[in-house]
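**Student:** Provide a 3D model corresponding to the input given below.
(chains A and B, ligands or ions: 2)
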Amino acid sequence: MYSEKVMDHFMNPRNVGEIENPDGVGQVGNAKCGDIMKIYLKIEDNRIVDIKFKTFGCGAAIATSSMATELVKGKTIEEALALTNKAVADALDGLPPVKMHCSILAEEAIKAAIEDYRSKQLVSSK
Amino acid sequence: MKYFALDNTGKGVLEMERRVYMDHAATTYIKQEVMEEMMPYFTEKFGNPSSVHSFGREARKAVDMARDRTAKALNASGDEIYFTGGGSESDNWAIKGIAQANKHKGNHIITSSIEHHAVLYTCQYLEKMGFEVTYLPVDQYGLVNPDDVKRAITDKTILISIMFANNEIGTIQPVKEIGQIAKEHGVYFHTDAVQAAGHLPIDVKDMNIDLLSLSAHKFYGPKGVGALYIRKGVRVHPLMHGGAQERNRRAGTENLPGIVGLGKAIELAYENLEDSSRKLTAMRDRLISGIMERIDNVRLNGHPTKRLPGNANLSFEYIEGESLLLSLDMKGIAASSGSACTSGSLDPSHVLLAIGLTHEIAHGSLRLTLGDDNTDQDIDYVLEVLPDIVQRLRNMSPLFVQHKGEKYYV
Ligand SMILES: Cc1ncc(COP(=O)(O)O)c(C=O)c1O
Ligand SMILES: [Zn+2]
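**Tutor:** Ligands and ions are numbered 1, 2, ... in the order given. Have a look, this model is predicted:
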C-alpha cells in the first residue's frame, strides 16, 4: 500500500521533536478527523534554519510531516510557502489516493507556522 | 526477531522474520483436515449436485453431509440449512427476504447500532424502500439491553436482527433473552452469528433463533461460502432467483468444495470447542492484562468477560491506530484497528463511537484476535514489542506532550 520511501520516513522520521523558543508554531487538523500536525520553526534572515514536527496520525501523516520538513529546511520563507502537498507526495514516490488528504495537513501546518512567525514579526516591529 | 524454517523447496533453511497472525476475526487459515476433505471435490468428485448421474449423486451426497454437520452444530435440522456465498449474503438474504415476505404485516425492523455493515447497510437500503428501522443503542460494553428491544416493538415490527457477537469488540449479546422476547411478540429474530459460529455454543431452539448467518472463513474453513439457518415455517423471499438449488430458495450451482469445507470446519470447531476456547480465553486474558500492566493510558474496549474467547480490543491514548498497525507489521505482527485512516473514511469505527469513545480514543484502537495457531510465545512476543512501539508513537504525538504538560503545570 505504501511506497518504500513512505515506510522509511514513517519508521525513521526526520526532524521529530520540538524547538525551544520557536519563531513560529503551527498546528492543524483535529483529533476528530484523525490527524494532527504541529510544526515548530526557527527562522534567521528570512530562512528556515531549523524545523521540527510532532504528529498524531496515520503512516501517511507521519511520513508527509517528515518529508515536508526535509523539503523546506534551509529554504526561504517564500520558497517554503510555495510547497504543495503534491510535491510532498511526489517526493515520497506517491501516496495511495485515499491518503492524499493526510498530505494536505503537512503543507497547511508549515503555512500555519509561517503565518504565526509573520504575525509575531508584525507585533515586535510595532 | 528471526527464526529458521525450511524454504519452500524443502531443501534449505531460510532465515525469516518472525510472523505472528492476530487477525483471526478478519479471516482464518484453512485447517489441514478441512483442506484434505475439500481436495477431491476440486478434481475427481467434481460433479454438479443437481445432475442425475453418479457424478452428480456423489456431489449431492457431500452437500447433504455438510448440511447435516452444520445443522448438528446449531441444533437445527438439515432442511433448515441453506448454503450461501458467505456472511454478507446470509445477512442480506435474511433481512431483505423477511422484509419482502412480511411487508403485508408491517414495515418495522429493530436492529442495533453496532451491527456489521452487511446488516446496517441492508437496513439503510430498506429504509429507502419505505421500511422503518430502529437502531438500538448499546451500553459502554457494547451490550444491547433486552428491555430496549421489548420497548421498541410495535404492531408493525416484523424483524429483530441483533448480532450474536461483535466483530470489533467481541461483546456477546444476550441472544437467548432477545429470542424469548421476539417469540413472545410474534416477531422474527435473526442473528448475525458470523463471529460466534464455531467459537461459542449455539442452540437455535433453546435460543429461539429464527434465522442465523454464519461464514466458513471465520472458523478455519474456506472463504466465499456461508450458510443461513431458516427455521421451518419462516416466510422468507429468495435473494437469488434462478435454478432450483437449495430447495428452490437459493439459486446457483453449489460451491461444492466450499460447502464440504464448511461442513468439516464446523464439525471440527464444535468437537474442539471447549479446549480451544479455554486455551484462547487464557491467552486473551494474559495478553490484555499484560498490555495494561506494561502501558499507561490504555482502555479495554468491550465487555471484560462477555466477550469472544480470542478477542482483545484496546485503545491507546494519544496515538493513531494505523501507525500502530504499520509498526506492528514491521515486527511481523498482523492486527487490525478501528481508526478512520485504516478504513479510508474520515470517521472511526461506528462500534467504538457507539460504546461512547471520543473520536481520538477511537482512532487509537487496536484489535488483536487470537486463533488456534497462536502460542504463549506469540503473546510474549507482542508484550515484548508493543510497549516500545506505543512509546515511540507517543513521543511523536502532539497530544501526548499536551497531556504531559498539563500534568506538569496543574
Ligand atoms: C459480524 C460479521 N458479519 C458479517 C460478516 C461478513 O462475512 P463475509 O465476509 O463472509 O461476507 C463479517 C465478516 O467480517 C462479520 O464479522
Ligand atoms: Zn491519515
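
**Student:** can we go C-alpha only for contacts and neighbour counts from here?
**Tutor:** Will do.

**Student:** can I get whatever helix or strand B:L324 lives in in PDB, CA atoms only?
**Tutor:** Assessed by DSSP states H and E, B:L324 sits inside helix B:321-330. Output of helix B:321-330 as PDB, limited to C-alpha atoms (Å, rounded to 0.1, in the frame of the first residue of the first chain):
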ATOM      1  CA  GLY B 321      -4.400   3.100  15.000                       C
ATOM      2  CA  GLU B 322      -2.900   2.800  11.600                       C
ATOM      3  CA  SER B 323       0.600   3.900  12.600                       C
ATOM      4  CA  LEU B 324       0.300   1.300  15.400                       C
ATOM      5  CA  LEU B 325      -0.700  -1.400  12.800                       C
ATOM      6  CA  LEU B 326       2.200  -0.400  10.500                       C
ATOM      7  CA  SER B 327       4.700  -0.500  13.300                       C
ATOM      8  CA  LEU B 328       3.400  -3.900  14.400                       C
ATOM      9  CA  ASP B 329       3.500  -5.200  10.800                       C
ATOM     10  CA  MET B 330       7.200  -4.200  10.700                       C
END
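
**Student:** do it and ligand 2 meet at all?
**Tutor:** No - on the criterion CA under 5 Å from the ion, helix B:321-330 is out of touch with ligand 2, staying 8.1 Å away.

**Student:** residue boundaries of the strands in chain B?
**Tutor:** B:2-6, B:13-17, B:20-21, B:81-84, B:108-112, B:132-136, B:157-161, B:188-192, B:211-215, B:226-230, B:298-300, B:311-316, B:333-334, B:365-369 (DSSP state E).

**Student:** what of chain A?
**Tutor:** Remark: strands assigned in chain A by DSSP E are A:24-30, A:35-44, A:47-56.

**Student:** strands paired with the shortest one, and their directions?
**Tutor:** If I follow you right, that is strand A:24-30. strand A:35-44 (antiparallel) (DSSP bridges).

**Student:** the partner strand vs strand A:47-56, what angle?
**Tutor:** Angle of strand A:35-44 versus strand A:47-56, following axes from the mean of the first three to the mean of the last three CA atoms, to 10 degrees, is 160 degrees.

**Student:** about what we covered before: turn the strands of chain A into TSV, including mean pLDDT.
**Tutor:** Formatted as TSV, the strands of chain A follow (pLDDT from 0 to 100):
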stretch	mean pLDDT
strand A:24-30	92
strand A:35-44	95
strand A:47-56	96
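
**Student:** could the ones you listed go into CSV alongside distance to ligand 1?
**Tutor:** Converted to CSV, those look like this (distance: least, CA to the nearest ligand atom, whole Å):
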stretch, distance to ligand 1
strand A:24-30, 29
strand A:35-44, 26
strand A:47-56, 28
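
**Student:** format those strands as a markdown table; extra columns: mean neighbour count and distance to B:S365.
**Tutor:** Converted to a markdown table, the strands of chain A look like this (neighbours: other CA atoms under 10 Å in any protein chain shown; distance: least, CA to CA, whole Å):
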| stretch | mean neighbour count | distance to B:S365 |
| --- | --- | --- |
| strand A:24-30 | 21 | 17 |
| strand A:35-44 | 24 | 14 |
| strand A:47-56 | 24 | 13 |
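
**Student:** among these, which is nearest A:P13?
**Tutor:** A:P13 lies closest to strand A:47-56 among the strands of chain A, at 9.6 Å (CA to CA).

**Student:** in JSON lines: the strands of chain B, plus mean neighbour count and distance to ligand 2.
**Tutor:** Output for these, formatted as JSON lines (neighbours: other CA atoms under 10 Å in any protein chain shown; distance: least, CA to the ion, whole Å):
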{"stretch": "strand B:2-6", "mean neighbour count": "12", "distance to ligand 2": "31"}
{"stretch": "strand B:13-17", "mean neighbour count": "13", "distance to ligand 2": "27"}
{"stretch": "strand B:20-21", "mean neighbour count": "20", "distance to ligand 2": "24"}
{"stretch": "strand B:81-84", "mean neighbour count": "25", "distance to ligand 2": "36"}
{"stretch": "strand B:108-112", "mean neighbour count": "24", "distance to ligand 2": "29"}
{"stretch": "strand B:132-136", "mean neighbour count": "18", "distance to ligand 2": "29"}
{"stretch": "strand B:157-161", "mean neighbour count": "25", "distance to ligand 2": "34"}
{"stretch": "strand B:188-192", "mean neighbour count": "27", "distance to ligand 2": "31"}
{"stretch": "strand B:211-215", "mean neighbour count": "30", "distance to ligand 2": "32"}
{"stretch": "strand B:226-230", "mean neighbour count": "26", "distance to ligand 2": "34"}
{"stretch": "strand B:298-300", "mean neighbour count": "18", "distance to ligand 2": "21"}
{"stretch": "strand B:311-316", "mean neighbour count": "25", "distance to ligand 2": "17"}
{"stretch": "strand B:333-334", "mean neighbour count": "22", "distance to ligand 2": "19"}
{"stretch": "strand B:365-369", "mean neighbour count": "27", "distance to ligand 2": "14"}
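
**Student:** mind checking which of these is nearest B:A101?
**Tutor:** strand B:157-161 (9.9 Å).

**Student:** for B:W93, see how far away B:N248 is.
**Tutor:** According to CA to CA, to the nearest Å, B:N248 stands 14 Å off from B:W93.

**Student:** so for the two, which residue has more residues nearby?
**Tutor:** A count of neighbours by other CA atoms under 10 Å in any protein chain shown puts B:W93 above the other of B:N248 and B:W93, at 23 against 13.

**Student:** apart from its chain neighbours, what residue comes closest to the more buried one?
**Tutor:** Of all residues not flanking B:W93 in the chain, B:L239 sits nearest, at 5.3 Å (CA to CA, 6 or more residues apart in numbering or on different chains).

**Student:** spit out the contact partners of the residue positioned nearest the centre of chain A.
**Tutor:** By CA atoms, centre = their mean, chain A has its centre lying nearest to A:A106, at 4.1 Å. Residues near A:A106 by CA atoms under 8 Å, 6 or more residues apart in numbering or on different chains: A:M37, A:A61, A:T64, A:S65, A:A68, A:N85.

**Student:** among those residues, who's most crowded?
**Tutor:** A:S65 (33 neighbours).

**Student:** run a quick neighbour tally on residue 63.
**Tutor:** Here I'm looking at chain A. Using other CA under 10 Å, A:A63 is surrounded by 28 other residues.

**Student:** was after chain B, sorry
**Tutor:** The burial count for B:V63: 23, using other CA under 10 Å.

**Student:** again with the one 5 residues further on
**Tutor:** The number of residues packed near B:D68 is 19, by other CA under 10 Å.

**Student:** check the residue nearest to the centre of chain A and give its pLDDT.
**Tutor:** pLDDT, A:A106: 91.

**Student:** with adjacent residues omitted, what lies nearest to whatever residue of the stretch 201-350 of chain B ends up closest to ligand 1?
**Tutor:** Going by CA to the nearest ligand atom, ligand 1 is nearest to B:S215 of the stretch 201-350 of chain B, at 4.7 Å. Closest residue to B:S215 apart from its sequence neighbours, by CA to CA, 6+ apart: B:G226 at 4.0 Å.

**Student:** report the separation between that neighbour and B:D372.
**Tutor:** Counting by CA to CA, the gap from B:G226 to B:D372 is 21 Å.
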